[in-house]
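J.: Here is a sequence together with a model predicted from it:
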Amino acid sequence: MPTLRERVSTELLPFLVQPAQYIGGEINQLVSDGDWERADVRVALAFPDTYGVGISHLGLQILYWLCNHTPGVVAERVYCPKIDAERHMRAKGIPLFTWDTRRPVATADLLGISLQYEMLYTNVLTLLDLAGIPLRSADRDEEHPLVLGGGPQADNPEPVAAFFDLIVNGDGEPAMTELLELYRRLKLDGASRECRIRTLAERFDWLYAPSLYSVHYNADGTVASVEPRHPGVPFPVQRCQTADFENAAFPLRPLVPHVQAVHERIAIEIMRGCPQRCRFCHAGYTKRPLRWRSVDRILEIAEQAHAATGFDEIGLLSLSTGDYPRLPELAQRVAERFSGRRVSISVPSLRVDKMLAAVPFMMNEVRKGGLTIAVEAARDDMRASILKKVTDGALLDAVRAAYRAGWRSVKLYFMAGFPGERPDDIDGIWEISRQVSEARRDLGMGPAHVNVAVGWLVPKPHTPMQWAAQATADYFQTVRERLRWLSRGRGSVKMKLPRIDRSILEAVFSRGDRRLSAVIESAWRLGARFDAWDEHFRMDLWDRAFAEHGLDPAWYAHRERGRDEVFPWSHLVGFRHGDDYLRGQYEEELATLRTAAN
């Protein structure tokens, strides 16, 4: 009988578009033949999107590095097969396999799935089904791995609660280290699957086992209460945080993809958290407290990663790189070390203030192709209401400084749909974008190319916006038509406006409850796949799924939450200061806008 490795090579790869994304064996792969069989604990780390997206994800590479440097543990990678690959795998009866050495995913002890984005939920079910693992945790037995979730969407995992055995709330590095140690002991002791789940959940106050909690609903459909079914499980579930960020596990030999990936660079997380508290920003509230790596440690990582990959770009990553406390020193030392090797520096997430104005002069080696600035709102008073510390004057001063330093184009991010938004706020998106383009003329040069991305606000849990109603599709359509009309024929400013229906669906799942698991499963069975991709997203399938279960997406997306409403995630700690602080911030935002309107 041919092995799974042989079957993948002969029965699958020859029939696929771009088969190189399925072959594994990349430079710096950490697993070899035989490691899987010898390991005490086998981990399959899955990213529910394509190889080109997943291999660029730093979080998965961190866990891959951490697991494979833990004695007795081996971890192999899994990505979601594209639709052509899924079709061939089903036709040939080929189960989901790991990329490193092509082991059946179902033979893992732990299947860890990264939850990065709500529109990846149907891909989670594709992974489970192709692996031969029952979709719902209640249907699994001793033969199946524990299905573990983590990532940003774990802050409200209720819409996918039925599909996961365990969910990590918070940072993955310390959580995975402790979880692997206890899991190994439980496995060696012969503990049952049920015992492993319950013991792990009882031991770690940041580990959430959805099956060990009961949810009760009011007559109006809102959550009445969430209650633990056993006295030993944590309530509320706390948040795991990396205490020693300086020395936290980090890949010193990143994987080098076989095919073009979303990012092909040395990615270094220089800081976790953000000192700003923009009232819409989920990560800004949940990633606190602020922690950063030293300049020496960052340079050490950069040197080893460059030697291991040959990448010609280093990304200094954080939520707000401009707030890194030693950025001028870091920029100078990285440039001195790498400029002679023709390695450029990319610095995303720069804040528009004095620091941003200075950065172009400090960082002469930064790649000058384009500068990205998150402006969010177009008018100063609206920015003040959402605590976005940007003014028109600071923005224009900053881009002029960037143009002097050699930048030729700018990308601006805005959002529409903030509470209290006015028509003038929408017109302002076009006006400030045009001013950013024309500011280059002030220096005796032609207008800058400005690419404007306007997103539709999705209120997120654990933020002041968690009470807010998302704007309706009709409102967003009006905004879309207005911006298209304003920007018509203006070649130096390009507007990109996303799909409205998908943003509304994202809002449904962002603040949804566990009744939505049935909707997700139905949509998947109807054919929903790769919902984050425009060419695959089909809202008609989701409409049918909601109708099948008698649930109204507008009730989830467009309803203002009551002040004392119990949220589906109320039993999960996301922001350490709690809902009273967040509610105060929300009411202050509304009051600020009322004052501005008067």
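T.: Nice, I can see it.

J.: how much space between Val410 and Arg277?
T.: 25 Å (CB to CB, to the nearest Å). (C-beta placed from N, C-alpha, C; glycine too.)

J.: and those two? which has more neighbours close in?
T.: The neighbour count for Val410 versus Arg277, taken as other CB atoms under 10 Å, is higher for Val410 (25 against 17).

J.: Which residue is the nearest non-sequential neighbour of the spatially most central residue of the chain?
T.: The residue lying closest to the centre of the chain (CA atoms, centre = their mean) is Gln116, at 3.4 Å. The spatially closest residue to Gln116, leaving aside those adjacent along the chain, is Gly151, at 5.1 Å (CB to CB, 6 or more residues apart in numbering).

J.: Checking my notes, Gly112 in a strand, right?
T.: Yes - counting by DSSP: H, G, I helix; E, B strand; the rest coil, Gly112 is part of a strand.

J.: Could you give the number of residues near it?
T.: With other CB under 10 Å as criterion, Gly112 counts 28.

J.: pretty sure it is touching Ala46, no?
T.: Yes - assessed by CB atoms under 8 Å, Gly112 is found in contact with Ala46 at 6.6 Å.

J.: Please name every helix or strand in contact with the helix or strand hosting Ile62.
T.: Element membership for Ile62 (DSSP states H and E) is helix 58-68. Packing partners of helix 58-68 (3 or more CB pairs under 8 Å, 6 or more residues apart in numbering; DSSP states H and E): strand 41-47, strand 73-79, strand 110-114, helix 172-188.

J.: switch the cut-off to 10 Å
T.: Counting by 3 or more CB pairs under 10 Å, 6 or more residues apart in numbering; DSSP states H and E, the packing neighbours recorded for helix 58-68 are strand 41-47, strand 73-79, strand 110-114, helix 172-188, strand 266-269.

J.: Make JSON lines out of the ones you listed and add distance to Ala401 and mean pLDDT.
T.: Formatted as JSON lines, the helices and strands packed on helix 58-68 follow (distance: least, CB to CB, whole Å; pLDDT from 0 to 100):
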{"stretch": "strand 41-47", "distance to Ala401": "38", "mean pLDDT": "98"}
{"stretch": "strand 73-79", "distance to Ala401": "41", "mean pLDDT": "98"}
{"stretch": "strand 110-114", "distance to Ala401": "37", "mean pLDDT": "98"}
{"stretch": "helix 172-188", "distance to Ala401": "37", "mean pLDDT": "98"}
{"stretch": "strand 266-269", "distance to Ala401": "25", "mean pLDDT": "95"}
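
J.: between the ones you listed, which one is nearest to Trp99?
T.: strand 73-79 (4.6 Å; CB to CB).

J.: now that closest one, how far from the chain's geometric center?
T.: 20 Å (CA atoms, centre = their mean, to the nearest Å).

J.: Which element is encountered next along the chain beyond that strand?
T.: helix 83-92.

J.: That following helix to strand 73-79, inter-axis angle?
T.: 110 degrees (axes from the mean of the first three to the mean of the last three CA atoms, to 10 degrees).

J.: mind listing what's buried in helix 83-92?
T.: For helix 83-92, the neighbour count (16 or more other CB atoms under 10 Å) marks 85-86, 88-89 as buried.

J.: Among the residues you listed, which one lies nearest to Asn169?
T.: Nearest to Asn169 among the buried residues of helix 83-92, with distances taken as CB to CB, is Glu86, at 30.8 Å.

J.: Count the residues that sit near the nearest residue to Leu30 once chain neighbours are set aside.
T.: Leaving aside its sequence neighbours, Leu30 sits nearest to Asn68 (CB to CB, 6+ apart; 4.2 Å). When neighbours are counted by other CB under 10 Å, Asn68 registers 20.

J.: what about Asn68, distance to Pro251?
T.: With CB to CB as the criterion, Asn68 and Pro251 are 10 Å apart.
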